[in-house]
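[1] generate coordinates for the sequence data below:
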Amino acid sequence: MKSKSRGVAPACLLALFLTSAEAGQTVFHFTSEPGDFIGLGQELTLTPADANFNVNRNFAGGVSIFINNFSFPNPPRLIFWFTDFAAPFGVDLMPGAYEGATRFPFNDASVPGLSISGDGRGCNTLTGRFDVLEATYDIISGEVISFAVDFEQHCEGAPPALFGSVRINSDIPLPVLLPPRITVENILNDQGCVEATGPTGATINLSASVPVPGDFEFSWTTSTGEIGTGPFYSFLLGVDVTAAVFLTATDVSTGEQATAMTQVCVSDTTPPEITIHSPEPGQVYFGKNAMLNVSVDDAVDQQFDQIHVFAGHATDVSLDGEGNEVQTKLPPAMTGPDGTTITEISVEATDDSGNIGRASVNIVHQHDARP
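    Take a look at the predicted model:
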């Protein structure tokens with residue numbers, strides 16, 4: 001079995017008689033080696049900002065924690081993880097090292113019980129170990145006040161390991177600095193990108209955080225060559241461009257560093273805005289062609305060569321190069337039985353990203369002489 005050195009902090013003693021405690025950090029974190037079935041070779045960090053932590057004493061005198069976001073409104077994905085820890089022979093779980101653990105609750109009474117499972121994945125059998133660094137319980141109810149544990153688990157006894165930690169209202173630091181989190185403050189469009197606001201693209205607004213207490217400094221770099229510092233960072237990104245953003249968090253007290261990366265993009269999904277200045281809706285024309293006066297506006301593509309006009313038949317009409325405006329005669333309409341024809345004039349403009357803007361107006365052609 002692989003193992004990592006995990007010393008038990010000597011100052012972390014069992015306190016069975018405490019009735020209150022200052023709230024520390026609450027976090028579930030693991031790193032998974034390639035081939036591990038539970039973590040799939042990935043890394044995960046959950047805090048109360050991501051999910052609820054339901055902490056209970058289990059029947060074996062240990063601690064079980066169910067972590068889920070079932071009550072969160074509109075979660076992007078469901079989260080559900082289970083962690084179980086138990087001492088041998090059903091005694092209260094106390095600070096110390098627990099070697100040779102097997103799957104809880106099927107562990108033999110003489111060995112510790114351990115189980116980390118979630119997202120629909122669990123071990124049939126497992127081997128592992130864990131270090132309880134802190135365990136305080138209410139003297140009357142027995143409920144957990146604070147708890148800290150580091151663990152190592154191997155599914156089916158295989159070499160790939162799941163290493164991790166749980167902290168419940170604990171000031172015991174994690175054995176590793178957790179990766180920082182990058183939050184894109186912009187609202188994303190249907191393509192998952194920041195919407196372009198002009199010909200040069202859009203300003204990407206980012207914020208940095210670390211999911212544990214501490215004093216951290218942040219530095220930013222991008223694949224487009226931009227750099228910055230601080231918990232908030234902004235940079236300009238062009239239309240239809242994707243950039244990688246790297247964030248490094250430095251623990252001021254220890255100098256330890258951790259890095260995170262995300263991708264951001266800018267795209268144009270807003271169609272051009274077409275305004276038909278004339279003719280006006282319902283306007284009556286007596287035996288003459290209507291004059292079409294149209295303007296096209298778009299934040300990103302500020303010039304249009306032509307528009308597509310439908311008025312009984314389709315035609316492409318050129319725009320002037322300055323104000324994206326056109327004034328042209330419409331073709332004559334066919335006469336109806338009552339001497340009038342209601343004609344729908346429809347105008348389309350397509351920008352460079354393929355967005356199509358549309359506008360229409362109904363007019364009346366009166367072919368009979370005026371009464």
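[2] alpha carbons only for contacts and neighbour counts from here, please
    Will do.
[3] and for Cys256, the neighbour number?
    One correction, residue 256 is Glu, not Cys. 12 (other Cα atoms under 10 Å).
[4] pLDDT at the closest residue to it other than its chain neighbours, what is it?
    Closest residue to Glu256 apart from its sequence neighbours, by Cα to Cα, 6 or more residues apart in numbering: Thr250 at 5.7 Å. Looking at Thr250, its pLDDT reads 95.
[5] equivalent analysis for Phe304, please.
    So Phe304 comes in at 78 (pLDDT).
[6] do Asp301 as well
    For Asp301, the predicted pLDDT is 89.
[7] same question, Ala333
    Ala333 is given a pLDDT of 52.
[8] and the next helix or strand past the host helix or strand of Leu114?
    Using DSSP states H and E, Leu114 sits within strand 113-118. Using DSSP H and E, the helix or strand that follows strand 113-118 in sequence is strand 126-137.
[9] domain ranges for this structure?
    25-170, 181-267, 273-366 (automatic domain parsing).
[10] now do the first one: distance to the chain's middle.
    Put plainly, it is domain 25-170. How far domain 25-170 lies from its chain's middle: 25 Å, per Cα atoms, centre = their mean, to the nearest Å.
[11] low-confidence ranges in this protein?
    By pLDDT under 70, the low-scoring segments of the chain are 1-23, 286-290, 312-315, 317, 319-339, 367-371.
[12] does Val364 really touch Ile342, like I thought?
    Yes: using Cα atoms under 8 Å, Val364 is in contact with Ile342, at 4.5 Å.
[13] gap between the nearest residue to Glu273 once chain neighbours are set aside and Arg358?
    Take Glu273 and drop its neighbours on the chain: the residue closest to it by Cα to Cα, 6+ apart is Asp297, 5.1 Å away. According to Cα to Cα, to the nearest Å, Asp297 and Arg358 sit 12 Å apart.
[14] ramachandran angles for Pro180?
    Backbone torsions of Pro180, given as degrees, to the nearest 10, read phi -70, psi 170.
[15] Gly39 now?
    Phi and psi for Gly39, reported as degrees, to the nearest 10, are phi -90, psi -10.
[16] how about Pro105: what's its closest non-neighbour residue?
    Gly113 (6.5 Å).
[17] er, Ile227 actually
    Thr221 (4.4 Å).
[18] please list the outside residues in contact with the helix or strand hosting that neighbour.
    Using DSSP H and E, Thr221 sits within strand 216-222. Identification of contacts with strand 216-222 by Cα atoms under 8 Å, 6 or more residues apart in numbering yields 208, 210, 226-231, 233, 243-252.
[19] before we move on, what about stretch 165-185?
    With Cα under 8 Å, 6+ apart, stretch 165-185 has contacts from 22-30, 45, 133-134, 145-151, 204-212, 247-249, 256-262.
[20] contacts made by the strand holding Leu114 with the rest, please.
    38, 80-88, 101-107, 122-123, 126, 128-130, 153.
[21] again, 7 Å this time
    Contact partners of strand 113-118, identified using Cα atoms under 7 Å, 6 or more residues apart in numbering, comprise 38, 80-87, 101-105, 107.
[22] helix, strand, or coil at the spatially most central residue of the chain?
    Of all residues in the chain, the one closest to the mean position by Cα atoms, centre = their mean is Pro76, 7.2 Å from it. Here Pro76 is coil, with the state taken from DSSP: H, G, I helix; E, B strand; the rest coil.
[23] gap between it and His29?
    Distance from Pro76 to His29, counting by Cα to Cα: 19 Å.
[24] just to revisit the earlier point, mind checking which helix or strand the residue nearest to Glu256 is in?
    Going by DSSP H and E, Thr250 is in strand 241-251.
[25] how about that strand: buried residues?
    Across strand 241-251, burial judged by 16 or more other Cα atoms under 10 Å covers 242-243, 245-251.
[26] same thing with stretch 216-233?
    Buried, per 16+ other Cα under 10 Å, within stretch 216-233: 216-222, 227, 231-233.
[27] pull out the buried residues from stretch 45-62.
    Taking 16+ other Cα under 10 Å as the criterion, stretch 45-62 shows 46-47, 51-53, 55, 57-58, 60-62 as buried.
[28] so which of those comes closest to Gly96?
    Gly62 (12.9 Å; Cα to Cα).
[29] my guess is the closest one contacts Phe89, does it?
    No: using Cα atoms under 7 Å, Gly62 is not in contact with Phe89, being 10.7 Å away.
[30] which of the contacts of stretch 165-185 fall in strands?
    Residues of these located in strands (DSSP state E): 25-30, 45, 133-134, 145-151, 204-209, 247-249, 257-262.
[31] just the buried ones from those residues?
    25-30, 133-134, 145-151, 204-209, 247-249, 257-261.
[32] from Gly90, how far off is the residue lying closest to Pro213 once chain neighbours are set aside?
    Closest residue in space to Pro213, ignoring its immediate chain neighbours: Gln25 at 6.9 Å, by Cα to Cα, 6+ apart. Separation of Gln25 from Gly90 (Cα to Cα): 28 Å.
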